[in-house]
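Peer 1: pasting the sequence and the predicted model now:
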Amino acid sequence: MNRPSNHADDQSPRSVAGPAARTPARQHLPAVDRALANLADLQDLVVGLALLRDPAVRRPWRETPLDPYARAELDDEARADRADRNELAPGEHIDAARPDVLDLLADTLSRAEDLAWHLSRAAWCPVLPPSSWTSATADPRRYLAHAAACLPTAVLGWENGGDIAHWAAAVTGAMLADLTAALALHVDGQTVKTICPWCKGGLAGTYTWRVRIVPGGEPAIVCESGTCQPPSRDVTTWWGGTPVWPLRDWPWLARRLAHLARRAAPATPDVPFARAEGATGRAGTPTDLTAARALLGGLVDEAAWKPTGTEG
């Protein structure tokens with residue numbers, strides 16, 4: 001059975017999430033340790049992904065802010081899908097599974113099988129038989145576990161073992177990014193839906209706060225407007241020239257935002273009331289809310305209440 005080569009064009013990561021979505025806390029680890037950690041996580045996440053095949057299972061989600069152009073494109077695609085939908089369309093069958101989940105499961109199985117095949121050959125270990133969707137072999141976990149067992153031997157048994165480790169780390173990192181994206185487990189890159197009170201959202205006035213994994217592996221909120229310069233008392237630290245609020249300071253940051261919002265809220269204007277038959281006061285005379293309600297309710301007469309600066 002022929003397998004694709006290890007050429008970069010064939011084995012490049014196919015993750016749509018991008019390198020920033022992978023686990024930054026593992027980047028300091030050796031490549032073989034990263035690959036083994038990724039393989040262990042993949043075996044756990046595949047189970048959760050398989051459960052999502054059933055449309056009745058509640059799917060985790062992560063809200064993504066869209067600009068007007070992206071929203072218009074999605075609306076246009078939805079209208080086209082509605083116009084072309086029939087009983088043969090994906091998802092219309094009463095027992096249908098989620099097609100995107102099935103595609104990702106098939107892709108994960110294919111990549112796990114390829115990875116196990118290459119590492120088995122490199123470690124001079126028995127090769128697992130190919131999978132089949134009609135049998136119990138259609139489980140990526142058995143190939144992921146076999147790859148994890150063969151990886152140390154493959155790395156130590158060849159002079160270019162370092163290249164094998166880096167290749168395995170790249171492939172498993174791409175697979176892990178795809179699964180974590182499907183399960184809405186990404187932390188790095190999430191948008192915080194609030195306008196920065198110090199830079200007002202930059203030049204465009206948009207959401208500029210992102211959750212990033214800063215050095216040390218800690219999630220933090222970072223303002224990425226490029227123009228944010230909060231007072232020193234309002235920022236915890238800086239990273240790459242941008243203000244940073246680590247996870248431990250998020251409760252304080254929430255209270256600070258609420259305080260600034262209360263200060264920025266306009267004061268409630270006095271309610272002017274107009275002269276009407278049987279009412280007291282003068283047309284357009286401003287007064288406080290309590291007096292206005294009392295006057296309009298007939299509880300105060302002109303003799304008991306007179307606007308400031310007027311004569312009796």
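Peer 2: That came through fine. If you're wondering where the values come from, they're calculated on a predicted model, not measured in any experiment. Numbering: from 1, shown residues only.

Peer 1: and the strand or helix carrying L144, which residues are buried?
Peer 2: Per DSSP states H and E: L144 is located in helix 140-156. Using 16 or more other CB atoms under 10 Å as the test for burial, helix 140-156 gives 140-148, 150-155. Quick note: C-beta positions are derived from backbone N, CA and C, even for glycine.

Peer 1: show me which of these is closest to G161.
Peer 2: Within the buried residues of helix 140-156, the smallest distance to G161 is 3.9 Å, found for V155 (CB to CB).

Peer 1: helix/strand/coil for the residue nearest to L176 when sequence neighbours are not counted?
Peer 2: Closest residue in space to L176, ignoring its immediate chain neighbours: N38 at 4.9 Å, by CB to CB, 6 or more residues apart in numbering. Here N38 is helix, with the state taken from DSSP: H, G, I helix; E, B strand; the rest coil.

Peer 1: looking at it, N38 is touching A174, isn't it?
Peer 2: No - applying CB atoms under 8 Å, one finds N38 not in contact with A174, separated by 9.3 Å.

Peer 1: more neighbours, the two?
Peer 2: Taking other CB atoms under 10 Å, N38 and A174 do not tie; N38 has more neighbours (25 against 21).

Peer 1: residue contacts, that one?
Peer 2: N38 is in contact with 23, 26, 169, 172-173, 175-176, counting by CB atoms under 8 Å, 6 or more residues apart in numbering.

Peer 1: can you tell me which two in those residues are farthest apart?
Peer 2: Farthest-apart pair in these is R26 and M175; separation 14.1 Å (CB to CB).

Peer 1: neighbour count winner among the two?
Peer 2: The neighbour comparison of R26 against M175 (other CB under 10 Å) goes to M175, with 27 against 18.

Peer 1: quick one: secondary structure of the more buried one?
Peer 2: Look at M175: counting by three-state DSSP, its state is helix.

Peer 1: do me a favour and get the end-to-end distance for stretch 55-71?
Peer 2: 25 Å (CA to CA, to the nearest Å).

Peer 1: top helix in the chain by residue count?
Peer 2: Using DSSP state H to define each element, the chain has its longest helix at helix 99-122.

Peer 1: can you name every helix or strand that that one contacts?
Peer 2: Judged by 3 or more CB pairs under 8 Å, 6 or more residues apart in numbering; DSSP states H and E, the packing partners of helix 99-122 are helix 31-51, helix 140-156, helix 161-182.

Peer 1: got the angle for it vs helix 161-182?
Peer 2: Here helix 99-122 points in a direction 170 degrees away from that of helix 161-182 (axes from the mean of the first three to the mean of the last three CA atoms, to 10 degrees).

Peer 1: so how many other residues sit close to the nearest residue to A50 once chain neighbours are set aside?
Peer 2: In space, and not counting its chain neighbours, A50 is closest to L105: 6.5 Å by CB to CB, 6+ apart. Neighbourhood size, L105 [other CB under 10 Å]: 23.

Peer 1: now the one 5 residues further on
Peer 2: Around S110 there are 13 other residues, counting by other CB under 10 Å.

Peer 1: pLDDT score for it?
Peer 2: pLDDT, S110: 92.

Peer 1: likewise for D10?
Peer 2: pLDDT for D10: 39.

Peer 1: what stretches of the chain score poorly on pLDDT?
Peer 2: Across the chain, the ranges flagged by pLDDT under 70 are 1-25, 61-66, 87-95, 133-137, 267-312.

Peer 1: quick one, strands of it?
Peer 2: For the chain, the strands defined by DSSP state E cover 190-191, 209-214, 218-223, 237-239, 242-246, 271-273, 285-287.

Peer 1: hang on, isn't L183 packed against V47?
Peer 2: No - using CB under 8 Å as the test, L183 is too far from V47 to be in contact (10.5 Å).

Peer 1: so these two - more neighbours on which side?
Peer 2: Neighbour tally, L183 and V47, criterion other CB under 10 Å: the higher count belongs to L183, 17 against 10.
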